[in-house]
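**Student:** Provided below are the primary sequence and the corresponding predicted coordinates.
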Amino acid sequence: MAQLKEVGDRDGWRCWLCDQPVDPDMSSSDPRGASVDTRITKARAKKLKKDKTPVPPERLAHVGCNTGKGAVDAVVKWPEHFILVDPAPIIATAERLKRKGGREAMARCPSQEDAAAVASWLVDRMSRLEPAIDVKSRIDNAGGQFLVSLFV
C-alpha cells in the first residue's frame, strides 16, 4: 500500500470521490481526515491482476468518503445543481476513455448554458480523476436538447 503523503501529493490533496480538499494534518479518526482508497473492490483487483490488466492506482479520499463507499466499486456523483437527463457513470466512462479512447456521450441538457456548465465541470473533474488522459468536451444540438460528450 502506498504511503499517504505520496498519494496525497500526487492527487493534490483532493478527495477523488467528492472532489473536495483534504487536510493532511486532520486526524484520521475525523471523517474529513485523509485516507488511501484502493478505488476498486479487492475481488475486482484480484481478477484484473489474474487477467494481467493494470490495476488502477490507489487514490486519496476523506475517511468518511472512503468508509461510506465501503467494499464496493466507487461512484463519483454528479453535482445536484446541474439540470441534466440520462447522466453516464463517470468512473466507468473515465476507464473506457483511458483504455480505448474515442467519444462518450455523458448527458443531455435542456439549454446551451446548462450544457456548457456540465461540459466545463466534466473536463475539470476528469483531469483530476484520470490525469493521464487529455479529455475534451463537445456539445451537440440534439432535437431541442444539448448532448454533452467527452472525447480523447
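**Tutor:** Yep, it's here. Computed from a predicted structure; not experimentally measured.

**Student:** Let's verify Leu122: helix, strand, or coil?
**Tutor:** With DSSP: H, G, I helix; E, B strand; the rest coil as the basis, Leu122 sits in helix.

**Student:** Please look at it and Arg138 and confirm they touch.
**Tutor:** No. Applying CB atoms under 8 Å, one finds Leu122 not in contact with Arg138, separated by 10.7 Å. Backbone N, C-alpha and C define where each C-beta goes, glycine included.

**Student:** which residues do the two both contact?
**Tutor:** By CB atoms under 8 Å, 6 or more residues apart in numbering, Leu122 and Arg138 have these common neighbours: 148, 150.

**Student:** Show me which of the two is the more surrounded one.
**Tutor:** Using other CB atoms under 10 Å as the criterion, Leu122 and Arg138 rank with Leu122 on top: 25 against 14.

**Student:** Can you name every helix or strand that the strand or helix carrying Leu60 contacts?
**Tutor:** According to DSSP states H and E, Leu60 maps onto strand 59-62. In terms of contacts (3 or more CB pairs under 8 Å, 6 or more residues apart in numbering; DSSP states H and E), strand 59-62 is packed against helix 4-10, strand 34-37.

**Student:** To Asp19, which of those lies closest?
**Tutor:** When those are compared by CB to CB, strand 34-37 sits nearest Asp19, at 13.4 Å.

**Student:** pLDDT of that closest one, averaged?
**Tutor:** Mean per-residue pLDDT for strand 34-37: 85.

**Student:** Same check on stretch 65-77?
**Tutor:** Mean per-residue pLDDT for stretch 65-77: 74.
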